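Peer 1: quick check, what structure comes out for this input:
(chains A and B)
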Number of protein chains: 2
Amino acid sequence: MRFTSEQRFDDGVLEREFTLGDDIPGILWTPASATAASPARLILAGHPGGLPMMYPRLVARARHAAAEGYASASIELPWSGDRPRSADADEARAELRAAVRAGEPVSDDVVDRLVLPLVEQSVPEWRAALDDLLALPEICGPAGFAGGVIAIGVRLAAVEPRIAAAVLFAGSYVPRRMFEEARQVTIPLHVLLQWDDEGNDRQMALDLFDAFGSAEKTLQANMGGHTGVPQFAADNANRFFDRHLK
Amino acid sequence: MRFTSEQRFDDGVLEREFTLGDDIPGILWTPASATAASPARLILAGHPGGLPMMYPRLVARARHAAAEGYASASIELPWSGDRPRSADADEARAELRAAVRAGEPVSDDVVDRLVLPLVEQSVPEWRAALDDLLALPEICGPAGFAGGVIAIGVRLAAVEPRIAAAVLFAGSYVPRRMFEEARQVTIPLHVLLQWDDEGNDRQMALDLFDAFGSAEKTLQANMGGHTGVPQFAADNANRFFDRHLK
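Peer 2: Have a look, this model is predicted:
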């Protein structure tokens, strides 16, 4: 991981862009309070892909979390943003969007072709980011995961022991075969669902929540559409991490 | 409303038992901070009936709310606790319990016979209690409703303009004909569902949440069984009231 730029905001939050491996862009935000003597817990900030487009929402979430003492980090997803495209992923995404626009059911095949390769490719990258981020003196584990793509969060929660709690945003489709992985998840979960998110499958989100093996799991459903997660939901998410990461 | 006893707890909360009308027992809890110069907002504390049995949980909820500055009050439900029984209600309740125990679906007829008379009888009583409670100098409106029986909360939220926000506990059955009333509800709602509550109909709770007309409504589902609502859910409920009653 090589840092490529840094800036400090007026709330004291330090933002550093980095490159992971050869060409994976990422951003790290640390609160002013994070030092080697008093390292901050880390939240991996998930998103649907496209860091430049997602930046305004990610930086808002990161500064909100930093106010509670958390560091946040995110990396670009495969085939998104400034990373090389995938014709297969583009095709599957176009088919999914066409089905949603037409009000037709999204086929399992399209979900599998879009999401399974993304999970397979990205999860090792997030774990490599975790290796490098937790090696920084101003950051310590355990870490949390917050956001989407929810299938990435499910896989990370199932396989990555350094992730102790996860806030999962149920805003994207999950391959049916990953429900079995959900049963293996045992860490505390806080699942956010936008009840009136027309680009999502509400019943799939409820079924997935039901499948998780965790003894402590909370589903919080709010109104406001896909991008309208209310501010109090972010507050609740921070308090969830306070209970499980601090 | 006549006060019949009072005691003060070591956290300063004043508990007063009262009788509403001729024979409806009730309890009022006010924080030490509640005075005529600085009256407390009121939360009507719903419950499934049987104040003496429910007392430990109600007083815990009331003291938790009092720590945030809220007064709480509850009255006995018709045909419960020390009030006269109803053979019809007893029979319908026995049939419902037998169906749940046998793992059979609970018929709409049983739900109607148990819940509709309860709503019809109790809601005017809660409104009468509100008349008297809001006339006390140390209490002011608007009020909230918190708890169950959820059908009572639905009716109150639909018809009682002095109730500005409600935390509804989805832990009991709702007559199908009340879904139309749910569509009339427009106040902010925070609906608590115990996901693994075997004495409840989860799908009915989800359908009811969907039916509410409120622009701001949140569903929070947790694990822990019917009586296992986690402490952080009570914290979230208090913060919900803070957003809408203060």
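Peer 1: now do the phi/psi pair for the residue nearest the centre of chain A.
Peer 2: When chain A is reduced to its mean C-alpha position, the nearest residue by C-alpha atoms, centre = their mean turns out to be A:Gly46, at 1.9 Å. Per-residue torsions, A:Gly46: phi -80, psi 160 (degrees, to the nearest 10).
Peer 1: which one's the longest helix in chain A?
Peer 2: helix A:108-134 (DSSP state H).
Peer 1: so who does A:Glu17 touch?
Peer 2: Contacts for A:Glu17 (C-beta atoms under 8 Å, 6 or more residues apart in numbering or on different chains) come out as A:Phe3, A:Thr4, A:Ser5, A:Glu6, A:Pro25, A:Gly26, A:Ile27. C-beta: built from backbone N, CA, C; applies to glycine.
Peer 1: to clarify, my last question referred to A:Arg83.
Peer 2: In this structure, A:Arg83 makes contact with A:Asp23, A:Ile24, A:Pro25, A:Glu76, A:Leu77, judged by C-beta under 8 Å, 6+ apart.
Peer 1: the same query, at a cut-off of 10 Å, please.
Peer 2: The contact partners of A:Arg83, taken as C-beta atoms under 10 Å, 6 or more residues apart in numbering or on different chains, are A:Asp23, A:Ile24, A:Pro25, A:Gly49, A:Gly50, A:Leu51, A:Ile75, A:Glu76, A:Leu77.
Peer 1: so the residue nearest to the centre of chain A sits against A:Val149, correct?
Peer 2: Yes. In terms of C-beta atoms under 10 Å, A:Gly46 counts as a neighbour of A:Val149; the distance is 6.4 Å.
Peer 1: what's the overlap in contacts for these two?
Peer 2: Between them, A:Gly46 and A:Val149 have A:Leu77, A:Ser122, A:Leu168, A:Phe169 as joint contacts when contacts are counted by C-beta under 10 Å, 6+ apart.
Peer 1: average pLDDT for stretch A:231-246?
Peer 2: The average pLDDT within stretch A:231-246 is 93.
Peer 1: anything in that stretch near chain B?
Peer 2: Yes. Interface with chain B: stretch A:231-246 contributes A:Gln231, A:Phe232, A:Ala233, A:Asp235, A:Asn236, A:Arg239, A:Phe240, A:Asp242, A:Arg243 (C-beta under 10 Å from any C-beta of the partner chain).
Peer 1: now the buried members of these.
Peer 2: Buried positions within those, assessed by neighbour count (16 or more other C-beta atoms under 10 Å in any protein chain shown), are A:Phe232, A:Ala233, A:Asn236, A:Arg239, A:Phe240.
Peer 1: what's the spacing between A:Ser107 and chain B?
Peer 2: Computed with C-beta to the nearest C-beta, to the nearest Å, the distance linking A:Ser107 and chain B is 25 Å.
Peer 1: any idea how many residues pack against that residue?
Peer 2: A count of nearby residues for A:Ser107, using other C-beta atoms under 10 Å in any protein chain shown, gives 12.
Peer 1: show me what contacts it?
Peer 2: Under the criterion of C-beta under 10 Å, 6+ apart, the contact partners of A:Ser107 comprise A:Glu95, A:Leu96, A:Ala99, A:Arg113.
Peer 1: give me that answer again for 8 Å
Peer 2: For A:Ser107, the set of contacting residues under the criterion of C-beta under 8 Å, 6+ apart consists of A:Ala99.
Peer 1: repeat for the one 10 residues further on
Peer 2: Residues near A:Pro117 by C-beta under 8 Å, 6+ apart: A:Pro78, A:Ser86, A:Asp88, A:Ala89.
Peer 1: near chain B, which of these show up?
Peer 2: Counting by C-beta under 8 Å from any C-beta of the partner chain, nothing from the contacts of A:Pro117 sits close to chain B.
Peer 1: using JSON lines, lay out those together with neighbour count and secondary structure.
Peer 2: Formatted as JSON lines, the contacts of A:Pro117 follow (neighbours: other C-beta atoms under 10 Å in any protein chain shown; DSSP: H, G, I helix; E, B strand; the rest coil):
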{"residue": "A:Pro78", "neighbour count": "20", "secondary structure": "coil"}
{"residue": "A:Ser86", "neighbour count": "16", "secondary structure": "coil"}
{"residue": "A:Asp88", "neighbour count": "12", "secondary structure": "helix"}
{"residue": "A:Ala89", "neighbour count": "20", "secondary structure": "helix"}
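Peer 1: in the residues you listed, find the pair that's most separated.
Peer 2: Looking at these by C-beta to C-beta, the two members farthest from one another are A:Pro78 and A:Asp88, with 11.2 Å of separation.
Peer 1: thought A:Gly144 was touching A:Ala165?
Peer 2: Yes. Distance between A:Gly144 and A:Ala165: 4.9 Å, which falls inside the contact criterion (C-beta atoms under 8 Å).
Peer 1: circling back to that earlier point, how far does the longest helix of chain A sit from the chain's center?
Peer 2: A distance of 11 Å separates the C-alpha centroid of helix A:108-134 from that of its chain, computed with C-alpha atoms, centre = their mean, to the nearest Å.
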